[in-house]
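> for reference, the sequence and a predicted model appear below.
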Amino acid sequence: MSQASKDTRSAAEKARDTAGIIGSLKHDGYVPTPEAEAIHQRAERGEITTDELVEIFRQRALKIEAEQRALKRPPHG
C-alpha cells in the first residue's frame, strides 16, 4: 500500500474544508448516518485520505442508485 501525501493544511483549514463539504452534501440531500459519520471521522483522524473518502461515498451512491433502479423496474413476465 502506498503512503498518502502529507496534508499540510492546519487543523482550522481542515475543519473549514470538511464543514464546506458536509454543507454541500446536506444541500444536495445528504442525510448523515452513523456509518457515514464514522467514515468522516476516519478521514478527520487521517486514517483515510480525502480521495479515499470521496471514493467510498461514490461507491455507496452507485450502489444506492442501482438498488433504486431495480425497485423501479417492472417485473418480467
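Thanks, I have the structure now.
> show the end-to-end separation of stretch 43-56, please.
11 Å (CA to CA, to the nearest Å).
> show me what counts as buried in it.
Neighbour counts using 16 or more other CB atoms under 10 Å place A43, I48, L53, I56 of stretch 43-56 among the buried residues. All C-beta spots, glycine's among them, are computed from the backbone N, C-alpha and C.
> which ones among those residues lie within helices?
A43, L53, I56 (DSSP state H).
> what's the nearest residue to the first one if we skip its chain neighbours?
Distances taken as CB to CB, 6 or more residues apart in numbering place L53 nearest to A43, at 4.4 Å, with adjacent residues excluded.
> can you check the last one too?
In space, not counting the residues next to it along the chain, I56 is nearest to I39; the distance is 5.8 Å by CB to CB, 6+ apart.
> who's in contact with that neighbour?
Counting by CB atoms under 8 Å, 6 or more residues apart in numbering, I39 makes contact with I48, L53, I56, F57.
> ok, so of those, who is nearest A19?
L53 (14.3 Å; CB to CB).
> so who does that closest one touch?
I39, H40, R42, A43 are the contacts of L53 under CB under 8 Å, 6+ apart.
> and it, what pLDDT?
You'll see L53 listed with a pLDDT of 89.
> could you dump the buried residues of stretch 43-56 into a markdown table and include distance to A12?
A markdown table is the format used below for the buried residues of stretch 43-56 (distance: CB to CB, whole Å):
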| residue | distance to A12 |
| --- | --- |
| A43 | 16 |
| I48 | 21 |
| L53 | 19 |
| I56 | 25 |
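> could you identify the most distant pair in those residues?
A43 and I56 (9.1 Å).
> wait, T18 touches E44, no?
Yes - taking contacts as CB atoms under 8 Å, T18 lies within contact range of E44: 6.6 Å.
> quick one: the helices in this protein?
Using DSSP H, helices in the chain cover 11-27, 34-44, 50-72.
> output the first one as CSV, restricted to C-alpha atoms.
Taking Å, rounded to 0.1, in the frame of the first residue of the first chain, the C-alpha atoms of helix 11-27 are listed here in CSV:
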residue,chain,number,x,y,z
ALA,A,11,-6.5,22.0,11.8
ALA,A,12,-8.6,25.1,11.2
GLU,A,13,-8.3,24.7,7.4
LYS,A,14,-9.2,21.0,7.5
ALA,A,15,-12.3,21.8,9.7
ARG,A,16,-13.4,24.6,7.3
ASP,A,17,-13.0,22.3,4.3
THR,A,18,-14.8,19.4,6.0
ALA,A,19,-17.6,21.7,7.0
GLY,A,20,-17.9,23.0,3.5
ILE,A,21,-18.0,19.5,2.0
ILE,A,22,-20.7,18.4,4.5
GLY,A,23,-22.7,21.5,3.9
SER,A,24,-22.7,20.9,0.2
LEU,A,25,-23.7,17.3,0.7
LYS,A,26,-26.6,18.3,3.0
HIS,A,27,-27.7,20.8,0.5
